[in-house]
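[1] Provide a 3D model corresponding to the input given below.
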Amino acid sequence: MSNLNGEIYAGLAQVGIADEGDKRAFYARLTGKPGLSLMSDPEKETVVTELRRMGFKPALKRANGRAKLSGPYAAKLQALWIAGYNLGIVRDRDDAALEAFVKRQTGIERERWLRFARDADQVIEALKGWIAREGGVIWSDADLPKKSVMRSMGFKVARAQWAILMPRGAHLFWSHVNDILDQDETYLGHTDAEWIVVMNYLGKRIRQEKKAVAK
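    Residues are numbered from 1 along each chain as shown. Take a look at the predicted model:
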């Protein structure tokens, strides 16, 4: 079930629309379709918007006592923010710091960029542009085969991290990546989870070096 579906169900309960017939009529009035299974994500977003107008207030998840971002676009935005942290350009990896950055840079309230595709896309592009400028990440997939490991976000961030740590050591990148993963130096089957291990490892080194320079 999509996150939007769950949000709609929570909203219906909160505003008091419980009867199945009332739900179908509500959906049809907004989108012309009587059920969520018939709707596109933008149509579901229309339903969420109306529920919010009617008083629906989505509950925030909490982690370690702090409000945690949720919604269909949160994971992508958090991944980009942590990439910035591992490149040494973000000081605080917490969600609250991400929220503050987005508000300063775009003026978009979090209720919108967490739930609506157009606003989320604008924020994602703003973050990617900043990470490219400040962290040296090259996002382009031009001329890369569709199944190339070099298309993954993890590879792109790790390559930029390595350029920060070893500006003249590009030829050592792959062997070092596989050392981190304890893989044979010819290994090229890197998964997203493995790239996270690599990014976190290199990120720790970058932060240590920045801290040493600052002393």
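
[2] can you give the domain ranges for this protein?
    Under automatic domain parsing, the residue ranges defining each domain of the chain are 3-53, 61-135, 149-214.

[3] the chain: strands as residue ranges?
    Secondary structure of the chain, counting by DSSP state E: strands at 61-63, 66-68.

[4] look at R29 and say how many residues are nearby.
    11 (other Cβ atoms under 10 Å). (C-beta placed from N, C-alpha, C; glycine too.)

[5] about what we covered before: lowest average pLDDT across the strands of the chain?
    The stretch with the lowest mean pLDDT among those is strand 61-63, which comes in at a mean of 52.

[6] now I89: closest residue in space that isn't a chain neighbour?
    E134 (4.4 Å; Cβ to Cβ, 6 or more residues apart in numbering).

[7] center of the chain, which residue is that?
    In the chain, the C-alpha closest to the average C-alpha coordinate belongs to K76, at a distance of 1.5 Å (Cα atoms, centre = their mean).

[8] ok, back up a step: which one, of the domains of the chain, ends up nearest to A142?
    domain 149-214 (10.7 Å; Cβ to Cβ).

[9] was I right about the residue nearest to the centre of the chain contacting V123?
    No. Here K76 lies out of contact with V123, judged by Cβ atoms under 8 Å, at a distance of 9.5 Å.

[10] can you give me the buried ones in stretch 41-51?
    E43, K44, E45, T46, V47, V48, E50, L51 (16 or more other Cβ atoms under 10 Å).

[11] what's the burial count for W195?
    Taking other Cβ under 10 Å as the neighbour definition, W195 ends up with a count of 20.

[12] count the residues that sit near the closest residue to it other than its chain neighbours.
    Taking Cβ to Cβ, 6+ apart as the measure, W195 lies nearest to G154, with 2.3 Å between them; neighbours along the chain are not counted. As a burial measure, G154 scores 21 neighbours (other Cβ under 10 Å).

[13] give me the pLDDT value at G154.
    For G154, the pLDDT comes out at 94.

[14] surely G154 meets Y201?
    No. Using Cβ under 8 Å, G154 is not in contact with Y201, being 11.8 Å away.

[15] find the least confident helix or strand in the protein, judged by mean pLDDT.
    The helix or strand with the lowest mean pLDDT-type score in the chain, counting by mean pLDDT, DSSP states H and E, is strand 61-63 (a mean of 52).

[16] ok, residues contacting the longest helix along the chain?
    Residue-count comparison of every helix in the chain, with assignments taken from DSSP state H, identifies helix 192-214 as the longest. Contact with helix 192-214 is made by 82-83, 85-88, 152-155, 157-158, 161-162, 164-165, 177, 180-181, 190, as judged by Cβ atoms under 8 Å, 6 or more residues apart in numbering.
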